[in-house]
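**Student:** Return atomic coordinates for the entry below.
(2 chains)
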Amino acid sequence: MKLYNTLTRQTDEFQPQDGSTVGMYVCGPTVYDHIHIGNVRPVIVFDTLRRYFETFKGWNVVHVQNITDIDDKLINKSIETGETVESIAATYTGAFFELLQALGVLQPTHTPLATEHVDGMIQLIESLVQSGHAYEKDGDVYFRVDSFEDYGKLSGRRLEEQEAGARIEASSHKENPFDFTLWKAAKPGEPKWDSPWGEGRPGWHTECVVLSNQYLGEHRDIHAGGNDLVFPHHENEIAQAEASSGKPFFRFWLHNGMLSIGGQKMSKSLGNFDYAKNVLANYDPETVRYFYLSRHYRKPLDYSDEGLQAAQTAVTRLRTMLTDVESELRNASGTYGDPGIDFVSSLAEFRSRYVEAMDDDLNTVAAISVLQDLVSATNQYKAESTDEDRMALLDAVALLKELGEPLGLFAATASRESGLEDGLMTLLIELRKQLREKREFKLADQIRDHLAELGVVLKDTAQGTIWSLS
RNA sequence: GGCGACGUAGCCAAGUGGUAAGGCAAGGGACUGCAAAUCCCUGACUCACCGGUUCGAAUCCGGUCGUCGCCUCCA
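**Tutor:** Just a heads-up that it's a prediction; the model follows:
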């Protein structure tokens, strides 16, 4: 499939290096607060990519999702609240994983904490110091950008051009204003680790390098994150990784677009943000996923309640087809008939359109339109086919579920009814049918209304009354 | 100042050289005892604007206007 690669600035054909295993690293959150609705975008997008790899490409995916649990923001929060950094980090790390689960995100293969890999980071920094790519100054260690020829290759920034109009404030410690911190000396009271340069903590960019190497080894296929990380974070990762190893770091760099609110970028520093948990309090997870996937992942996405509402209506339409068919045919042993066979053979077209869309730089928007078309065609067949020719509808349902899998849709729709439940419903529906035949509509409606209160939905269709759980 | 993205119907949004997907909203019709769901019909002579290339452009080139992002922690 093709993926847009920030490194080459074009869509490149993607294949795992060894042909079967994809190593994918997604930059994770700094756990000093609950994640917001912007942080959710890469989580959903790259979960979708992973699912597509696994279900449609047959590739095994090693998915690394790091947790940054040591950082200035955590230290500041600790000073504000009096809580320890460890305790704050533990709280929001837990909240993060709860949220992933609520969103139906597959559990990443590895979820390493930065603080558990400080030794590895110190080793990396030491090797950079020894090779002249880094230097120590008063307990801080900086990466020497002038020592890395390719600096700027990811973000397209040439050092010479940058320096002219630079608005980076010059630090007296740095040889070049673009030199970045690898190791930061500890102030009194701050969390700290021993190192050859005294007590301190690692810089942010270093953790992703160490964790990538450790958990992916040579399977460094994809490194992903928000496009606000391109510079300086990912640029700096590449610099230190490639300066130290002499080998290419990652082959593919994938970046999702930012979330905006009212056309303005949403961010914590601007204050115009909402917590992801609040959205999940108002919308079901599939609606949330549908909303995020209804815009191409590289483009900016404007967040709005109206957008979520539209997504909810749209995803409900898909789900309704699925539940209606399953309700009608749950016990049926119908036949296909010639029209059914024709209909089933027409389904292949939807699948290939879907694959074509997803293969084209994960075009989930076009893929979703295929699901909508599939549902339209199925509803049409449902409306026009005779009672004997309905088994084909189950094929359409199976396809819809298959296509929904990478998007994370319809997982929760599999309601299992017990034999007793089934029997009771059949009884109630038969009773109500007799009432309706006697035109006792008041009683019949009472049954339907009361069942609705219990979460059971009745629909009177041309094929008889069907029921499903709401 | 440097790097980059975007401007498609009331709203959201694909399409990036071959004559405008899909969803939401809206109106009309069908079905129905009523509900619910569903089906049918109605939508951009047009893709910010101007000029160019081409048999042909929303799609390529040049320019104009407008919006936004990164360059400082940020997904």
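**Student:** ok, the residue nearest to the spatial centre of chain A to RNA strand B distance?
**Tutor:** In chain A, the centroid-proximal residue (Cα atoms, centre = their mean) is A:Ile44; its distance is 1.6 Å. Distance of A:Ile44 to RNA strand B, given as Cβ to the nearest atom of the strand, to the nearest Å: 10 Å. Where you see a C-beta, it was placed from the backbone N, CA and C, and this is true even at glycine.
**Student:** so where's the stretch 151-300 of chain A shaky on pLDDT?
**Tutor:** A:161-172 (pLDDT under 70).
**Student:** let's see 50
**Tutor:** By pLDDT under 50, the weakly predicted segments of the stretch 151-300 of chain A are A:164-168.
**Student:** Please enumerate the helices of it.
**Tutor:** Here the stretch 151-300 of chain A has its helices, by DSSP state H, counting those that start in this stretch, at A:159-164, A:204-216, A:235-245, A:276-282, A:285-293.
**Student:** I'd guessed A:Leu409 sits against A:Glu286; true?
**Tutor:** Yes: when contacts are counted by Cβ atoms under 8 Å, A:Leu409 is listed as touching A:Glu286 (5.3 Å).
**Student:** what do these two both touch?
**Tutor:** In the contact map built from Cβ atoms under 8 Å, 6 or more residues apart in numbering, the residues linked to both A:Leu409 and A:Glu286 are A:Val315.
**Student:** Count the residues that sit near the residue of chain A found nearest RNA strand B.
**Tutor:** Closest approach between chain A and RNA strand B, counting by Cβ to the nearest atom of the strand: A:Gly226, at 1.9 Å. Taking other Cβ atoms under 10 Å as the neighbour definition, A:Gly226 ends up with a count of 18.
**Student:** Same question for A:Glu199.
**Tutor:** A:Glu199, neighbours per other Cβ under 10 Å, totals 14.
**Student:** Next one: the nearest residue to A:Asp274 once chain neighbours are set aside from A:Asp324, what distance?
**Tutor:** Leaving out its chain neighbours, the residue that sits closest to A:Asp274 by Cβ to Cβ, 6 or more residues apart in numbering is A:Ile37, at 5.3 Å. Counting by Cβ to Cβ, to the nearest Å, the gap from A:Ile37 to A:Asp324 is 32 Å.
**Student:** what's the answer for A:Glu13, then?
**Tutor:** 41 Å.
**Student:** Looking at these two, which one has more neighbours?
**Tutor:** The residue with more neighbours, out of A:Glu13 and A:Asp324, is A:Asp324; 21 against 9, by other Cβ under 10 Å.
**Student:** from memory that one sits against A:Ile466, does it?
**Tutor:** Yes: counting by Cβ under 8 Å, A:Ile466 is a contact partner of A:Asp324 at 6.3 Å.
**Student:** Common neighbours of those two, please.
**Tutor:** Shared contacts of A:Asp324 and A:Ile466, defined by Cβ under 8 Å, 6+ apart, are found at A:Lys459.
**Student:** Residues of the stretch 1-150 of chain A that sit close to RNA strand B?
**Tutor:** The stretch 1-150 of chain A comes close to RNA strand B at residues A:27-30, A:38-39, A:41-42, A:71-73, as judged by Cβ under 7 Å from any atom of the strand.
**Student:** Looking at the residues you listed, which are in helices?
**Tutor:** Among these, the members falling in helices (DSSP state H) are A:41-42, A:72-73.
**Student:** Just flag the most distant two among the residues you listed.
**Tutor:** A:Arg41 and A:Asp72 (23.9 Å; Cβ to Cβ).
**Student:** more neighbours, those two?
**Tutor:** Higher neighbour count among A:Arg41 and A:Asp72: A:Arg41, with 21 against 13, using other Cβ under 10 Å.
**Student:** list the contacts for the residue nearest to A:Asp274?
**Tutor:** Contacts of A:Ile37 (Cβ under 8 Å, 6+ apart): A:259, A:266, A:273-276, A:279, A:303.
**Student:** hang on, the earlier thing: my understanding was that the residue of chain A closest to RNA strand B contacts A:Asn256; is that so?
**Tutor:** Yes: between A:Gly226 and A:Asn256 there is a contact under Cβ under 8 Å: 5.6 Å.
**Student:** what do those two both touch?
**Tutor:** Shared contacts of A:Gly226 and A:Asn256, defined by Cβ under 8 Å, 6+ apart, comprise A:41-42.
**Student:** so who does the nearest residue to A:Ala444 once chain neighbours are set aside touch?
**Tutor:** Nearest residue to A:Ala444 in three dimensions, chain neighbours excluded: A:Leu435, at 4.4 Å (Cβ to Cβ, 6+ apart). Contact analysis of A:Leu435 by Cβ under 8 Å, 6+ apart lists A:441, A:443-444, A:447.
**Student:** From those, pick out the ones that also neighbour RNA strand B.
**Tutor:** The subset of those within reach of RNA strand B, counting by Cβ under 7 Å from any atom of the strand, consists of A:441, A:444.
**Student:** Who wins on neighbours among the contacts of A:Leu435?
**Tutor:** In the contacts of A:Leu435, the most neighbours by other Cβ under 10 Å go to A:Ala444, 20 neighbours.
**Student:** I'd guessed that one sits against A:Arg436; true?
**Tutor:** Yes: with contact defined as Cβ under 8 Å, A:Ala444 reaches A:Arg436; the gap is 4.9 Å.
**Student:** List, one by one, the residues from the stretch 201-350 of chain A near RNA strand B.
**Tutor:** When proximity is defined as Cβ under 7 Å from any atom of the strand, the stretch 201-350 of chain A approaches RNA strand B at A:204, A:225-233, A:256-260, A:263-269, A:294-296, A:299-302, A:306-307, A:309-310, A:313-314, A:317, A:320-321, A:324.
**Student:** List buried residues within those.
**Tutor:** Buried subset of these (neighbour count, 16 or more other Cβ atoms under 10 Å): A:204, A:225-227, A:229-230, A:232-233, A:256-260, A:266-267, A:294-296, A:301, A:314, A:321, A:324.
**Student:** Let's see which of these end up in strands.
**Tutor:** Counting by DSSP state E, the part of those found in strands is A:225-226, A:256, A:259-260, A:301.
**Student:** export the residues you listed to TSV and tack on distance to A:Gly82?
**Tutor:** Shown next, in TSV, are these (distance: Cβ to Cβ, whole Å):
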residue	distance to A:Gly82
A:Gly225	32
A:Gly226	31
A:Asn256	36
A:Leu259	32
A:Ser260	35
A:Leu301	37
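**Student:** hang on, the earlier thing: buried among the residues of the stretch 1-150 of chain A next to RNA strand B? Need that as a selection in PyMOL.
**Tutor:** Buried members of these, identified by 16+ other Cβ under 10 Å, are gathered into one PyMOL selection as follows:
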select buried, chain A and resi 27+28+29+30+38+39+41+42+71
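**Student:** Indicate whether stretch A:399-411 makes contact with RNA strand B.
**Tutor:** No: using Cβ under 7 Å from any atom of the strand, stretch A:399-411 stays clear of RNA strand B, with a minimum separation of 13.0 Å.
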